[in-house]
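Visitor: My questions are about this predicted structure, shown below with the sequence.
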Amino acid sequence: FMNKHFMSTMDGDEYVLGICQMIATAALGGIKVYGLKLDGSSSKGPLLGDTTIAPSKRYTTFYRDMFLVGVMRGLTVICGLVSLSHVAVSFTETVKSSAPFFTVIFSRLLLGTHTSWQVNLSLLPVMLGLALCSATELSFDRIGFIAAILNNIIDCIQNVFSKKLLQILTPVQLQFYTAAAAAVLQLPLLF
């Protein structure tokens, strides 16, 4: 709601809003990951070179994974904000209802997860409802619809990939590193 308000009534720019959100998330996450804990002890920082991790379990693909998730996270923010600047919030949220469909597809492709035919069949009414809503939406705009679908698809891929990363990182570390990567990757959009 606040994003739509900022862009609609205050003539805000979706790229500036997106980078501001990522910088704020990265800054607060950095305080949590690298800052002081409430009891005064310092937090463990980066995973690379952390001597508490056995050498065989060191995270060797850290930069690649953070780059990939950072790109996905930045794209979801930008696509979501572009969608909101073209269509109603309710329509963007309706498109997001297709997330289970895309999650099933990408869980199968990336993790090898199999879902039952009952689950797959239950997704059919959701997709039919999305098609019906899209066809009858008064504020339908092709750019907004494509941005909302891309936002949803990329978000589902990011969530499935993040599930793998949570076996190595804590949720706070994942939030921080991906927000920092997304902020860095979004900087060229400002210029």
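Guide: Received, thanks. Residues are numbered from 1 along each chain as shown.
Visitor: only C-alpha atoms for contact and neighbour calcs from this point on.
Guide: Fine.
Visitor: Pick out the residue closest to the middle of this protein.
Guide: Against the mean C-alpha coordinate of the chain, by CA atoms, centre = their mean, the closest residue is residue 73 at 4.1 Å.
Visitor: ok, residues contacting stretch 139-153?
Guide: 75-77, 79-80, 82-88, 91-92, 95-96, 98-99, 102, 134 (CA atoms under 8 Å, 6 or more residues apart in numbering).
Visitor: give me that answer again for 7 Å
Guide: Residues outside stretch 139-153 that contact it (CA atoms under 7 Å, 6 or more residues apart in numbering) are 76, 79-80, 82-84, 86-88, 92, 95-96, 99, 102, 134.
Visitor: Now that stretch: average pLDDT?
Guide: For stretch 139-153, mean pLDDT is 90.
Visitor: Same check on stretch 111-127?
Guide: For stretch 111-127, mean pLDDT rounds to 88.
Visitor: With only the CA atoms kept, save that stretch in CSV.
Guide: What follows is stretch 111-127 as a C-alpha-only set of coordinates in CSV (Å, rounded to 0.1, in the frame of the first residue of the first chain):
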residue,chain,number,x,y,z
LEU,A,111,15.4,-29.4,-5.9
GLY,A,112,13.9,-32.4,-7.6
THR,A,113,10.8,-32.2,-5.3
HIS,A,114,7.8,-34.2,-6.5
THR,A,115,4.3,-33.2,-5.7
SER,A,116,1.3,-35.4,-5.8
TRP,A,117,-1.3,-35.3,-8.6
GLN,A,118,-3.8,-34.0,-6.0
VAL,A,119,-1.6,-30.9,-5.3
ASN,A,120,-1.1,-30.3,-9.0
LEU,A,121,-4.8,-30.7,-9.7
SER,A,122,-5.6,-28.2,-6.9
LEU,A,123,-3.5,-25.6,-8.7
LEU,A,124,-5.8,-25.6,-11.7
PRO,A,125,-8.7,-23.6,-10.2
VAL,A,126,-6.1,-21.0,-9.0
MET,A,127,-4.7,-20.6,-12.4
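Visitor: what residues does it touch?
Guide: With contact meaning CA under 7 Å, 6+ apart, stretch 111-127 is reached by 98, 101, 107, 108.
Visitor: which ones are touching the third one?
Guide: Contact partners of residue 107, counting by CA under 7 Å, 6+ apart, are 113, 160.
Visitor: my guess is it is in a helix, correct?
Guide: Yes: the assignment for residue 107 by DSSP: H, G, I helix; E, B strand; the rest coil puts it in a helix.
Visitor: any idea how far it lies from residue 170?
Guide: Residue 107 sits 21 Å away from residue 170, going by CA to CA, to the nearest Å.
Visitor: Then the first one?
Guide: In this structure, residue 98 and residue 170 are separated by 28 Å, where distance is defined by CA to CA.
Visitor: The two: which has the busier surroundings?
Guide: In terms of neighbours (other CA atoms under 10 Å), residue 98 is the more surrounded of residue 98 and residue 170; the figures are 21 against 12.
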